[in-house]
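In: what's the 3D shape of this:
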Amino acid sequence: KSLLPHEVSEFQLLGSRAVFDDNVSQADQIWIDLAKHSTMKEREQMIEDTLLPTLQKSDGPPRFTKGKTKTNGERVITTGSDYIRIPAEDEEPILLPTKAGRYRLKRGLVSESEDGSLGCSVELWIEMVGAVIPRPPEGWDDLGVGGADVQGRWAWDQEKKSSIEEGVAKRTTLFNRDQAALEKVIVGTKLSSLLILSWVAATTASSFLLAAPLVVGRVAFLLLRISEDYTHDPFCFALGSAVVFPLFRHLLVFFKKNENSLIGRAWLWVRSFRSPPLPKLVILGSACFLWFGLIPFLVGLAYDVMFLWSDDRYTGRGFVLDPLEIVFSVAFGTALLNAWGCCCMVGVLTRRFWAAMLFDDQAAAGNEAPVRASTWQGPHGFMSRFWEAISAALLEWEWDKVDRTALLDDCAVPVFTVALATLFPAFICASVPEKLPEVSSISSVVRVSQALVLLIFAARSWHEQISTWFDAAHKTARDERYLIGQLLMNYGDDDKSHAS
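Out: Down below sits the predicted model:
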């Protein structure tokens, strides 16, 4: 509690003491000595050593007051003067400060002494610690304008304090002279444990930030089946960083959005389960089977056929796969498929994405193209709608979000069709190798066929962009003909005969 800044919730009355001693014309020596101390720490120490034991406690329940807040944020009992004027015989009046650390002094009510005479008193109040002040404040790192009083951060040296810092309750010290030896040992042990655990946490975090991208990059090179002679750690680190750091950032955002603990969220997720309707369950199961099982296997196998298979494979065992090949194919296909899905969701193939990467958000907004209903890119594309339906169904049990169009017709089935069509040439060559014409390299024919299949599907997917590009190229060529002074004319049949 002493390590964190807290608000002052209210003040509690500790007691009071008369201003004058038996001689009404002479102020009590305690007040005179207290006023002579120039520092707040000395006044606070004198109050605890001398004034507290001699206070006159009030009868009845404890008294509390909310106090007031001054314009600079300081918490006081009253917003009047910062001093209490105490008359002194043949001297200037004594100015007694009303604040001494956690203590506040207030002029008390006129009280009746034992001999029946009336006298003044000074009340002693103490701060009551309230809620923790959230840190850091908004704009604390904006060091360009104003100081601590403007930004809300803690002041440096003699800098003017902000209203937040002025209103902080007096923070207790870790060690003081009234503590027992055992208590000091306990506090010291806690501090030592805190330092050791902080060092362990910092070392673990830094090691993770350095090792995790490297490990992920090496795993990626392993899935690609690249030889160790071409596996370089700088490339592995760069590739792993592109995966680890965005994933880590999204995990931080996810955990910040949820106030419950991970176990609490898991228990809430189990309790909120609702059984799905059978048609919705069939659609969801089919989409999950395609996306997490069959499509990754086909994508990984297509990669093997394109880059790893040689001519001997087609004349040998063909598509007979061993278990290790299946594992590598599924693992690589899963990684590649979902990496492509993430690129589609963030819109890597859009002008807005690259404008935001290279310039700023305003430039990205200016380069934003009209969003088409049939597109894979962006937050409203097929891929984003697919994952929204999957997450809503599996994480929140919202079965009404399970839609056949979003899960199967627009996403899973087209991707499955492309993956299967890419393997079709290799399947033909591996099934009937003896009927193939005499060619120098069967694997080269298969690779060219796979590339053509991918180009055909890419052209079908981007036919609108390609058509727009051709129209723009045609208009540019036509405008160039006009600019150099040539006239384009449409000839009829008669004109063509004369021209010939």
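In: For the rest of this, base every contact and every neighbour count on C-alpha atoms.
Out: Will do.
In: Contacts only, for residue 102.
Out: 44, 126, 127, 169, 170 (CA atoms under 8 Å, 6 or more residues apart in numbering).
In: where's the first one, which helix or strand?
Out: According to DSSP states H and E, residue 44 maps onto helix 40-46.
In: Buried residues, that helix. List them.
Out: The neighbour-count check on helix 40-46 (16 or more other CA atoms under 10 Å) flags 43, 44, 46 as buried.
In: Ok, stretch 71-82 next?
Out: Buried residues in stretch 71-82 (16+ other CA under 10 Å): 73, 74, 75, 76, 77.
In: which among the residues you listed gets closest to residue 27?
Out: Nearest to residue 27 among these, counting by CA to CA, is residue 77 at 23.1 Å.
In: Sitting in helices, which of the contacts of residue 102 do you find?
Out: residue 44 (DSSP state H).
In: how about TSV for the contacts of residue 102, with distance to residue 385 and pLDDT added?
Out: Listed next are the contacts of residue 102 as TSV, based on distance: CA to CA, whole Å; pLDDT from 0 to 100:
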residue	distance to residue 385	pLDDT
44	65	87
126	60	91
127	56	90
169	51	86
170	54	83
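In: can you list the weak-confidence ranges in the stretch 201-350 of the chain?
Out: For the stretch 201-350 of the chain, the stretches with pLDDT under 70 are 258-260, 315-319.
In: In three-state terms, label residue 376 for me.
Out: coil (DSSP: H, G, I helix; E, B strand; the rest coil).
In: Can you get me a residue count around it?
Out: 22 (other CA atoms under 10 Å).
In: Go ahead and confirm it touches residue 382.
Out: Yes: between residue 376 and residue 382 there is a contact under CA atoms under 8 Å: 4.9 Å.
In: and the nearest residue to residue 326 once chain neighbours are set aside, how far is that from residue 321?
Out: In space, not counting the residues next to it along the chain, residue 326 is nearest to residue 297; the distance is 7.2 Å by CA to CA, 6 or more residues apart in numbering. From residue 297 over to residue 321 the distance is 12 Å, taken as CA to CA, to the nearest Å.
In: Of those two, which one has the most company?
Out: residue 297 (24 against 10).
In: Find out how far the host helix or strand of that one is from the centre of the chain, if you would.
Out: Assessed by DSSP H and E, residue 297 sits inside helix 295-307. Here the centre of helix 295-307 is set off from its chain's centre by 35 Å, with CA atoms, centre = their mean, to the nearest Å.
In: again, but for stretch 193-208
Out: 21 Å.
In: what's the answer for stretch 289-296, then?
Out: With CA atoms, centre = their mean, you get 31 Å for stretch 289-296.
In: now do the same end-to-end measure for it.
Out: Using CA to CA, the two ends of stretch 289-296 sit 10 Å apart.
In: Tell me where this structure has strands.
Out: 6-18, 64-65, 68-69, 75-76, 83-86, 94-97, 99-100, 103-107, 111-112, 118-119, 121-132 (DSSP state E).
In: helices or strands up against the longest one?
Out: For strand 6-18, the elements it packs on are strand 64-65, strand 121-132, judged by 3 or more CA pairs under 8 Å, 6 or more residues apart in numbering; DSSP states H and E.
In: who does the first one touch, helix- and strand-wise?
Out: Applying 3+ CA pairs under 8 Å, 6+ apart, we find strand 64-65 packed against strand 6-18.
In: Please report the distance of the residue nearest in space to the middle of the chain from residue 246.
Out: Closest residue to the average C-alpha location of the chain: residue 253 at 3.6 Å, with CA atoms, centre = their mean. Distance, residue 253 to residue 246, using CA to CA: 11 Å.
In: Could you do residue 294 as well?
Out: Residue 294 is 27 Å from residue 246, by CA to CA.
In: Tell me which of those two has more neighbours.
Out: residue 294 (17 against 11).
In: Give the closest residue to the more buried one in space, chain neighbours not counted.
Out: residue 416 (8.0 Å).
In: Now for that neighbour, how many residues are close by?
Out: 19.
In: List the residues that contact it.
Out: With CA under 8 Å, 6+ apart, residue 416 has these contacts: 290, 294, 295.
In: Look up the pLDDT of it for me, please.
Out: Looking at residue 416, its pLDDT is 93.
In: all helices of the stretch 251-400 of the chain, in order?
Out: Shown for the stretch 251-400 of the chain, the helices assigned by DSSP state H, counting those that start in this stretch span residues 262-271, 278-289, 295-307, 311-315, 323-346, 351-358, 361-366, 382-396.
In: Show me what the fourth one is packed up against.
Out: With contacts defined as 3+ CA pairs under 8 Å, 6+ apart, the packing partners of helix 311-315 are helix 413-431, helix 442-461.
In: which of the residues in the first one are buried?
Out: Same thing as helix 413-431. Going by neighbour count (16+ other CA under 10 Å), the buried part of helix 413-431 is 413, 415-416, 418-427, 429-430.
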